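what would the 3D arrangement of this be:
(2 chains)
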Amino acid sequence: MRRAFLRTLGIALVYLVSSAHVGSPDTWFEGNAGPYHLTVQVQPAGVVPGVAIVNVRANGDIPESVTIQANRFDATGAAPPPEPAPAVEGDRGAFSGRLWIMTGGSNSVTVAASGPKGSGKVVVPVVVVAYSRLRLEKPMGVGLAAMGLFLFGGLLSIVGAAVREGSLGPDEMPTPRTRRRARNAIALTSGIVVLLLAGGWRWWNVEDLNYARSMYKPLASVSSVERSAAGELVRVSIADSAWIHRRDTLWLRRHDANSWSPLVDDHGKIMHLFLIRDDMNAFAHLHPVTSDSVTFSASRPSLPPGRYRVFADIVHESGFTHTLTSILELKPSSQLPAAVGNPDDSWYAGSSAHDSRKAALESGATMEWERGGEIVEGKQATLRFSVRNADGSPARLEPYMGMPAHAVIMRDDASVFVHLHPAGTISMASQMAFMMRQPGDTVIGTLGKRLSAAEMSTMRHAPVTVGTVSFPYAFPKAGNYRIWVQVKLNGKVTTAAFDTKVSSGTGS
Amino acid sequence: MAVTIPATTDSSRDASDARGTSRVFATEWPIYAVLAASISIVVGLMWDISWHRTIGRDTFWSPPHVLEQAAAIIAGLSCGYVALRTTFAGTPAERAVSVRFWKYFQAPLGAWVCVWGTIMMITSAPFDDWWHNAYGLDVKIISPPHLVLATGMIAIQLGAMLMALSAQNRASDDSSKRRLGTIFVLSAAVIIEMVSVMIMEDASMANTMHGSRFYAATALVIPVFLVAFARSSRLSWPATRIAVVYMLITMTAIWVLQLVPATPKLAPIYNPVTHMVPPPFPMLLFIPAIAIDLLLSRFRMNDWLLAAAIGVVFVSVMLVVHWFWAEFMLSPSARNFFFGADQWDYTSRLGEWRYQYWNRDVDASGNWSPVRFGAGMGIAFLIAIFTSRIGLAWGKGMARVKR
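Model prediction:
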């Protein structure tokens, strides 16, 4: 009981994993809504149902009005009416609104903007899960306990008065017998109330436990290095029973387990696998293949031995995204590295750029982080990078899996991991899933096939970017971070690493 | 003269009636104020539930919340004023019908209960808010903060009932007895409505009426109140009257809510409703209530035996009536404006479950088990006997309340 009390009386709001990405619950998107170029940040409540805060910033032309609208991927009725996101006073171009998100899973926020330039809308996929635990802060706990005691005392007084005087006529006075009965009634009521409170306390703890069990956990996974005829392979297996039995409806029902939809390609890959050594001086971005959606294999990259943290991004047909996490011990290899299985696989061994500002790329090119001021937790950071050729001219950034650049950010203790693009933290496959879903897509897998075809087409037609890329993001908490930025120059993927310190903004 | 006398007599009778009415109101206004609060609370609660099932968008200031908050404020302020006035400026007559609180303060018992209920409701607000932030909006009726809120609401309603009850018990003339007895029945019916809403998730839908859980839930909350109220009322057929008023309140809610156009404001929408979703048709409580009235008025026996008889008869009558009533309510004949059946939340994914029985007593293989059903009903009988016994004792005490 005492432990339960202390547990409830803690004071911290504890962040755990947050669906795709780790420890980074906000969704970021940058793109066009018709004629307006918008940056959208969705801050989920951390509980379901809860109120999400949606911040919209117009870059360039500023719309007159912005509305926001939530929906879930499988809603069969029309979407609810949009909510206004009023302009933020004193901050031109900024809009902010609140949205109730009632059901967990794959949701979307549609942002519509209209103004003199016309109107347009964009769908931002948002994975909603319960990930936060709010402890009862001491002042609140003490206040509630004080009110409880007052009410308890008041109830006993009322019961005593009722038995002692309730039945008396106008001129009658309580007798010793009625006074005794009143005392007995008070004692009996005290006992009953204490029993009820004990029951209520237990009930609260059960609810708390049930909530803790319902909090988001990524599918369990394991990783290993296997030898094959073609060389060593890095293998990631989804070990979660709910996934292994995903087609067994009876098993799922018996175990009250979630029914996951199939995986779909994101940027043309079924999985984006990241290996980051504990000291952060070795990094790989791989794209394993699978035949059963359970075991995923990629050629072992030529990375130094060590203990690696493994992050594997996958996307479901529903639009739900996961980042699977595991640990991989890379031993010195006796074999030569296998031929690169996937031309989009890339890796980097080395520390961050000398001054965390300008990094040397291959062929004499450079990448410079155009840093703004101090980076503060929770505030949008300037993640703008300019890439120049050896002669100083802006480099031609070829699409790398349909994107001008990819960035991976990790806190030095791995409590934060995020894979983002200039379009933000969203999965492009999730966004397309929302845009392409038809009412008839009730058979699992049908939407996935159309998605793959559409993605391939989008990637083929992705434009070349010249010189500069930027990523919309706010670091979720203070600490030391490393950022790996990957671009494709002259047909080859190249990686730069930067370190940064994020402050809490409170001067500590 | 012959023409003028009746005229004079009529006008002086009117004046005398007006004076009488204003005198009655001057002394009884707190009863009417808390009764209005009590009714507003239950109306607000039913409206709020319909709001969540239809519109969904929740704020502290949604219209049903405002109605409930206003009701709590009316009850708290009225009774707080009565307590202060009785304590500091009460006439001897007013003090003679009050009880002492913490030795010094004086007010009628019902007023203290109302004040306590108001403070309980106020306490629930930050607790409920914290709960939503910690675990998400609790879209269910029974959760710890909601139970704290409901306890406050029921206390206000009990306070209203006690104020009517003590006035009824003190009334000396027939007119006052009838008037105050009717107010007591109304305030008691509001409490029956309130507790039936509390068990709505287990015992309201016709789909649940073939499971022992329905009968256990009703046995837990209905007899204790219905028996106590019936025993303390001075009118004939009190339980029946209370049950009929309870049914009329619910049926009025069903008919009024269906007339109000409304659409969901939150996602996801699986059932695009076009008007406020009404509550389920009320339980046919008047039939077991007739049995309770007959047992209370015709049989003189030890209270334990009487409780056993009431408990057994209550559950038996509930079972026979609702077993067959459920079949009607799940049939197409009930899917109309009058009965309001087959109307579901905007979040419901409509399916065959609408016309099936839920919470059935099944064995491990999922088949209906007479043994499990019998055991469940046995528990319902025991619960009803126990709660009837509490109701009898409570009713006996309430019949004597004069302050």
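
check contacts around residue 54.
Just going to use chain A. Counting by C-beta atoms under 8 Å, 6 or more residues apart in numbering or on different chains, A:Val54 touches A:40-43, A:68, A:85, A:96-99, A:109, A:111. Bear in mind the C-beta positions are built from the backbone N, C-alpha and C, glycine included.

you looked at the wrong chain, it should be chain B
Residues touching B:Thr54, when contacts are defined by C-beta under 8 Å, 6+ apart, comprise B:262-264, B:273, B:275-277, B:345-346.

just those that are near chain A?
Cross-checking the contacts of B:Thr54 against chain A (C-beta under 8 Å from any C-beta of the partner chain) gives B:263-264, B:346 as the overlapping residues.

between these, which is closest to chain A?
When those are compared for distance to chain A (C-beta to the nearest C-beta), B:Pro264 wins out at 5.6 Å.

isn't there a strand covering that closest one?
No. Residue state for B:Pro264 (DSSP: H, G, I helix; E, B strand; the rest coil) corresponds to coil; a strand is not indicated.

count the neighbours of it for me.
Residue neighbour count, defined by other C-beta atoms under 10 Å in any protein chain shown, stands at 26 for B:Pro264.

the residue nearest to it when sequence neighbours are not counted is in what secondary structure piece?
Among residues not flanking B:Pro264 along the chain, B:Tyr346 sits closest, at 3.9 Å (C-beta to C-beta, 6 or more residues apart in numbering or on different chains). B:Tyr346 belongs to no helix or strand when assigned by DSSP states H and E.

quick one: contacts for B:Tyr346?
The neighbours of B:Tyr346, taking C-beta under 8 Å, 6+ apart as the test, are A:77, B:53-54, B:56, B:264, B:266, B:269-273, B:277.

please redo it, this time with the cut-off set to 6 Å
B:264, B:269, B:271, B:273 (C-beta atoms under 6 Å, 6 or more residues apart in numbering or on different chains).

for the second one, helix, strand, or coil?
The reference is to B:Ile269. Three-state assignment for B:Ile269 (three-state DSSP): coil.

my read is that B:Ala167 contacts B:Arg179, right?
No. With the criterion set as C-beta atoms under 6 Å, B:Ala167 and B:Arg179 do not qualify as a contacting pair; they are 9.1 Å apart.

between those two, which is the more surrounded one?
Neighbours per residue (other C-beta under 10 Å) separate B:Ala167 from B:Arg179, with B:Ala167 holding more: 25 against 17.

number of residues surrounding the closest residue to B:Ile385 other than its chain neighbours?
Of all residues not flanking B:Ile385 in the chain, B:Gly311 sits nearest, at 3.3 Å (C-beta to C-beta, 6+ apart). Counted with other C-beta under 10 Å, the neighbours of B:Gly311 add up to 24.

circling back: mind putting the contacts of A:Val54 into a markdown table with neighbour count?
Rendered in a markdown table, the data for the contacts of A:Val54 read as follows (neighbours: other C-beta atoms under 10 Å in any protein chain shown):
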| residue | neighbour count |
| --- | --- |
| A:Val40 | 26 |
| A:Gln41 | 22 |
| A:Val42 | 30 |
| A:Gln43 | 17 |
| A:Ile68 | 24 |
| A:Ala85 | 25 |
| A:Ser96 | 18 |
| A:Gly97 | 20 |
| A:Arg98 | 13 |
| A:Leu99 | 25 |
| A:Val109 | 26 |
| A:Val111 | 28 |
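
what's the burial count for residue 255?
Using chain A. 12.

not quite, go with chain B.
Once other C-beta under 10 Å is used to define contacts, B:Trp255 is seen to have 13 neighbours.

low-confidence ranges, the chain, go.
Reading this off chain A. A:1-20, A:334-341, A:439-440, A:442-443, A:507-508 (pLDDT under 70).

nope, chain B
Low-confidence regions of chain B, defined here as pLDDT under 70, cover residues B:1-26.

gap between B:Val371 and chain A?
The span separating B:Val371 from chain A equals 23 Å under the rule C-beta to the nearest C-beta, to the nearest Å.

which one is that residue nearest to, not counting chain neighbours?
The spatially closest residue to B:Val371, leaving aside those adjacent along the chain, is B:Asp363, at 7.9 Å (C-beta to C-beta, 6+ apart).

kindly report the same for A:Lys501.
Excluding its sequence neighbours, the residue lying closest to A:Lys501 (C-beta to C-beta, 6+ apart) is A:Asn480, at 5.6 Å.

what about the residue of chain A most remote from its centre, helix or strand, and which?
Here chain A has its C-alpha centre computed as a mean, and the residue farthest from that point, by C-alpha atoms, centre = their mean, is A:Asp171 with 71.1 Å. Secondary-structure element containing A:Asp171, defined by DSSP H and E: none, the residue being outside all helices and strands.

quick one, phi psi at it?
Main-chain torsions, A:Asp171, degrees, to the nearest 10: phi -100, psi 10.

skip the chain neighbours and tell me the closest residue to it.
B:Ala96 is the one closest to A:Asp171 (C-beta to C-beta, 6+ apart), at 6.8 Å.

for chain A, what's the longest helix?
Assignment by DSSP state H gives helix A:176-214 as the longest helix of chain A.

in its sheet, which strands sit next to whatever helix or strand comes next after it, and in what direction?
Sequence order places strand A:221-228 as the next helix or strand after helix A:176-214, per DSSP H and E. On the basis of DSSP bridges, the sheet neighbours of strand A:221-228 come out as strand A:231-238 (antiparallel).

hey, C-alpha coordinates of the strand it pairs with in PDB?
As requested, the backbone C-alpha atoms of strand A:231-238 are provided in PDB (Å, rounded to 0.1, in the frame of the first residue of the first chain):
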ATOM      1  CA  GLY A 231      28.400 -13.400 -46.600                       C
ATOM      2  CA  GLU A 232      27.300 -12.100 -43.200                       C
ATOM      3  CA  LEU A 233      23.800 -10.800 -42.800                       C
ATOM      4  CA  VAL A 234      22.200  -8.500 -40.200                       C
ATOM      5  CA  ARG A 235      18.900 -10.100 -39.300                       C
ATOM      6  CA  VAL A 236      16.000  -8.400 -37.500                       C
ATOM      7  CA  SER A 237      13.100 -10.600 -36.400                       C
ATOM      8  CA  ILE A 238       9.800  -9.400 -35.100                       C
END
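
ok, and what's touching it?
The contact list for strand A:231-238 (C-beta under 6 Å, 6+ apart) reads A:219, A:221-226, A:294-298, A:300, A:312, A:333, A:335, A:338.

ok, of those residues, which come out buried?
A:219, A:221, A:223, A:295-298, A:300, A:312, A:333, A:338 (16 or more other C-beta atoms under 10 Å in any protein chain shown).

what's the farthest-apart pair in the residues you listed?
Within the buried ones among the contacts of strand A:231-238, two members stand farthest from each other by C-beta to C-beta: A:Leu219 and A:Ser333, at 28.6 Å.

can you list the residues of the stretch 1-150 of chain B near chain A?
Where proximity means C-beta under 6 Å from any C-beta of the partner chain, the interface of the stretch 1-150 of chain B facing chain A comprises B:96, B:99, B:101, B:109, B:112, B:116, B:120, B:123, B:127, B:133-137, B:144.

which segments of the chain make up each domain?
The chain I'm using is chain A. Partitioning chain A according to automatic domain parsing yields domains covering residues A:2-9+A:137-214, A:26-130, A:219-348, A:351-437+A:447-508.

oops, chain B please
Residue ranges for each domain of chain B read B:24-198, B:202-403, as given by automatic domain parsing.
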